[in-house]
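>>> Using only what follows, build the 3D model:
(2 chains)
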Amino acid sequence: MKRFILKRVASMVVTLWLLSTIVFMVVNVLPGNVARKVLGGQALEEDVIRLNARLGTDKPLLEQYWTSIRRIFTLSFGDSYKSQVPVSDIIFPALGRSAKLALLAFIITIPLSIAAGIYAARRQDKPIDRAIVTVGLSTSAIPEFVTATVLLVVFAVKLNLGKVYANPPDGVGLFGQLEYLLLPALAMSIAYFGYIARMTRAGVIGALHADFTRTAVMKGLSQGQVMRRHVLRNAMAPTIVVISTSVGYLIGGIVGVEKVFNYAGLGQTMLDAVNKSDIPVLQGAVLLVGIIYMVSTLLADLFIAYLNPRVRLEKSR
Amino acid sequence: MSATQPTTSGLSERKQARRENWRLIVRRPAFIVGVAIVLFWVICALFPDFIAPHHPLDYRTGKHLPPGWGHLFGTDSTGRDVLSRVVAGARDVLRIAPAAAILGVFFGVILGLLQGYLGGWVDLLASRIVEAFLSLPVVLVGLLAITTLGRSNVVVIGVVAVLFTPIVARTVRAAVLAERELDYVTSAKLRGESKAFIMFREILPNVSGPIIVELTVRMGYAVFTVATLSFLGAGPPPPSPDWGVQVSDTYNNLIADFWWPTFFPAMAIASLVIAVSLIADSVQSVLEAS
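Numbering: from 1, shown residues only, chains lettered A, B, ... in the order given. Coordinates of the predicted model:
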């Protein structure tokens, strides 16, 4: 197990390095005077020079590259071009707000979608199974911002349930915040539901047809015991993989949802950075998302290895 | 599909299997519904003047008229007919998304063939890069690229294609790995064929199943991504009737109960992505079962 963990962590470090290289290349593909872009054409030359020195954008490209690699491992992403406060002071609070929203979406989605997946799998090819699969397929195909817009129109505007702006005012308690976050979280849940439900269904169907399940039935276990001890335990691994790898998609989708509901999370922060050409903030946010994705994939791998000895033994060979 | 020897009987067998698959696909109701919706939007994109009652940029009608007989979908805050704008807005997404998906699959197939057939350090290096790419949400890289490269359709197509390449490559690589040990590859090697010939003329036709599946699935994601990017501000600039742009232009008026200029383009996006995903799912379930 130790070797397996070490190998996985080492490969994650390599991937992180590649990730920061890719982001660095995208950002620096167009050469240009950063401070001049930030301050505008009319700014004085000495101000431009001073800002470039402050931001470190007057250094040779190779040195800037080295700095950007160091940053991803130290989680300090330099200063914002615009407001000139540390990027981490901007993106971490925003990440906290997004995490709250994502967490609520998770809490709504996971039990429901796993239950729906199991239910559909046990009635494979019956009308109710077809319905769950088709609905799941359709809802996960719709961009989150579209679902968010439709929910906003139907619930917040027409039925007066829920809030149009998701930012809770200061001093609102946890349950008060729920009222503000429910609609955006629901928008993300709807996109996410079909995805997890279909994966769970596929996993359960696979396990239902496996030899070990037939053996369990033949030796006279009750249906409940077969499901709990044999089918679900084996079917959960692909579901866990999907849940962990979809953390990245969840963050991608959150950008649109936050824009629709004007929620001050990481997505909205990135959009602001785009509008102001504030590259360090954008770069920091993208790298942060990449790190979160990789860590969640790593945790999922470890969890699966813990559940299934075959995986950890095979991989450490 | 099993690997068939490149003899005449083998070829016709493969052709027959392909025809049979196609028959199974067309018979699925989901496929028919999907194709009908996509065709409807394609016709809208090609001949907007025939279908739309007004010009998408015509300001003369009244402002903020609710949906009714004069304007089925109402009019927006500058008095433009929402129905006409929804019809005309099909054009942008139907031009950009397929171009991005096809380019992404094209490069992905080449990369996947190289990775799977050549193996070794090429495969190792490419796999790591693929993994790094996969850890980035497509939308975020799109935003990053648009900030540095500027806002244009070419950038959107390029970004989506580049981000789809590794995903396609991963599928193709896996399919090639299963093929490369088969007899027909060995016999081609013994005949002294070049690596390029073996990859593109021998292996490629035999992995066409997964590639077609990947193409239809990518098409759906491309529509999804392009719509999202244009909502987030990476699409064509505002007077354009592009659906994502329309939603982004009007959603701030929702609080004043002017829901129709936002709602109808949003539903148009939903209908198109659902249609494409129904097609993709039909193709996938038939080709992966065979």
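>>> which residues touch B:Val139?
For B:Val139, the contact set (CB atoms under 8 Å, 6 or more residues apart in numbering or on different chains) comprises A:252-253, A:255-256, B:225, B:228-229, B:232. Quick note: C-beta positions are derived from backbone N, CA and C, even for glycine.
>>> With A:Ser140 instead?
A:191-195, A:198, B:277.
>>> Columns secondary structure on top of these, output as a markdown table?
Formatted as a markdown table, the contacts of A:Ser140 follow (DSSP: H, G, I helix; E, B strand; the rest coil):
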| residue | secondary structure |
| --- | --- |
| A:Ala191 | helix |
| A:Tyr192 | helix |
| A:Phe193 | helix |
| A:Gly194 | helix |
| A:Tyr195 | helix |
| A:Arg198 | helix |
| B:Ser277 | helix |
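>>> Quick one: those residues as a markdown table, columns for pLDDT too.
A markdown table is the format used below for the contacts of A:Ser140 (pLDDT from 0 to 100):
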| residue | pLDDT |
| --- | --- |
| A:Ala191 | 83 |
| A:Tyr192 | 84 |
| A:Phe193 | 86 |
| A:Gly194 | 83 |
| A:Tyr195 | 82 |
| A:Arg198 | 84 |
| B:Ser277 | 88 |
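>>> Now the residue of chain B found nearest chain A. Nearest residue, chain neighbours left out?
Proximity to chain A, evaluated over chain B using CB to the nearest CB, is greatest for B:Pro137 at 3.0 Å. Leaving out its chain neighbours, the residue that sits closest to B:Pro137 by CB to CB, 6 or more residues apart in numbering or on different chains is A:Gly252, at 3.0 Å.
>>> Count the residues that sit near the residue of chain B closest to chain A.
When neighbours are defined as other CB atoms under 10 Å in any protein chain shown, B:Pro137 has 24 of them.
>>> do A:Ile240 as well
A:Ile240, neighbours per other CB under 10 Å, totals 17.
>>> Tell me the confidence at it?
For A:Ile240, the model assigns a pLDDT of 77.
>>> Relative to chain B, how far out is the nearest residue to it once chain neighbours are set aside?
Nearest residue to A:Ile240 in three dimensions, chain neighbours excluded: A:Ala300, at 5.5 Å (CB to CB, 6+ apart). In this view, A:Ala300 and chain B are 13 Å apart by CB to the nearest CB, to the nearest Å.
>>> wait, isn't A:Ala300 in contact with A:Val241?
Yes - at 5.7 Å, A:Ala300 counts as touching A:Val241 under the criterion of CB atoms under 8 Å.
>>> Spit out the contact partners of the residue most central in space within chain B.
Nearest residue to the geometric centre of chain B (CA atoms, centre = their mean): B:Met219, 1.7 Å. Contact partners of B:Met219, counting by CB under 8 Å, 6+ apart, are B:97-98, B:101, B:276, B:279-280.
>>> among those, which are in reach of chain A?
Restricting these to those touching chain A (CB under 8 Å from any CB of the partner chain) yields B:Val276.
>>> Helices - which of the contacts of B:Met219 land there?
Using DSSP state H, the subset of the contacts of B:Met219 located in helices is B:97-98, B:101, B:276, B:279-280.
>>> on that earlier part again, is the residue nearest to B:Pro137 within a helix or a strand, and which one?
helix A:233-260 (DSSP states H and E).
>>> What residues of that helix count as buried?
In terms of neighbour count (16 or more other CB atoms under 10 Å in any protein chain shown), helix A:233-260 has its buried residues at A:234-244, A:246-260.
>>> On the pLDDT front, check residue 13 for me.
The chain I'm using is chain A. 82.
>>> Sorry, I should have been clearer: chain B.
On pLDDT, B:Glu13 comes in at 74.
>>> Next, count neighbours for it.
Residues within reach of B:Glu13, counting by other CB under 10 Å, total 15.
>>> hmm, back to that, and the contacts of B:Met219 as TSV, adding neighbour count and distance to A:Val27?
Formatted as TSV, these follow (neighbours: other CB atoms under 10 Å in any protein chain shown; distance: CB to CB, whole Å):
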residue	neighbour count	distance to A:Val27
B:Ala97	26	26
B:Pro98	18	29
B:Ala101	28	26
B:Val276	28	32
B:Ile279	24	37
B:Ala280	25	34
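>>> mind giving me the domain split of chain A?
Under the assignment automatic domain parsing, the domains of chain A span A:2-73, A:94-275.
>>> Just name the most buried of these.
domain A:94-275 (a mean of 19; mean count of other CB atoms under 10 Å in any protein chain shown).
>>> And the helices in the chain?
Chain wasn't specified; assuming chain A. Using DSSP H, helices in chain A cover A:2-28, A:34-39, A:45-55, A:61-74, A:87-122, A:127-141, A:144-151, A:174-208, A:211-218, A:223-225, A:233-260, A:266-275, A:279-307, A:309-316.
>>> meant chain B actually
B:8-27, B:29-46, B:48-51, B:82-88, B:90-118, B:120-134, B:138-149, B:153-179, B:183-190, B:195-197, B:204-206, B:208-231, B:243-250, B:260-289.
>>> Name the residues of the first one that come out as buried.
Taking 16+ other CB under 10 Å as the neighbour-count basis, helix B:8-27 is seen to contain the buried residues B:14, B:18, B:21, B:24-25.
>>> now A:Leu61: how far from A:Phe24?
9 Å (CB to CB, to the nearest Å).
>>> would you turn the helices of chain B into a markdown table with distance to B:Pro67?
Putting these into a markdown table (distance: least, CB to CB, whole Å) gives the following:
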| stretch | distance to B:Pro67 |
| --- | --- |
| helix B:8-27 | 36 |
| helix B:29-46 | 18 |
| helix B:48-51 | 17 |
| helix B:82-88 | 8 |
| helix B:90-118 | 19 |
| helix B:120-134 | 43 |
| helix B:138-149 | 31 |
| helix B:153-179 | 31 |
| helix B:183-190 | 61 |
| helix B:195-197 | 58 |
| helix B:204-206 | 51 |
| helix B:208-231 | 22 |
| helix B:243-250 | 14 |
| helix B:260-289 | 5 |
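>>> Which residue is the nearest non-sequential neighbour of B:Ile157?
B:Ala100 (4.6 Å).
>>> Test for you: state the pLDDT assigned to the nearest residue to A:Val204 once chain neighbours are set aside.
Excluding the flanking residues, the one nearest A:Val204 by CB to CB, 6+ apart is A:Ala121, at 3.6 Å. In this prediction, A:Ala121 carries a pLDDT score of 81.
>>> is it true that A:Ala121 touches A:His209?
No - look at A:Ala121 against A:His209 with CB under 8 Å: they stay out of range, at 10.3 Å.
>>> if we can go back for a sec, now the helices of chain A in TSV, with distance to B:Gly119?
Formatted as TSV, the helices of chain A follow (distance: least, CB to CB, whole Å):
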stretch	distance to B:Gly119
helix A:2-28	18
helix A:34-39	42
helix A:45-55	44
helix A:61-74	29
helix A:87-122	37
helix A:127-141	34
helix A:144-151	39
helix A:174-208	29
helix A:211-218	33
helix A:223-225	46
helix A:233-260	25
helix A:266-275	38
helix A:279-307	24
helix A:309-316	19
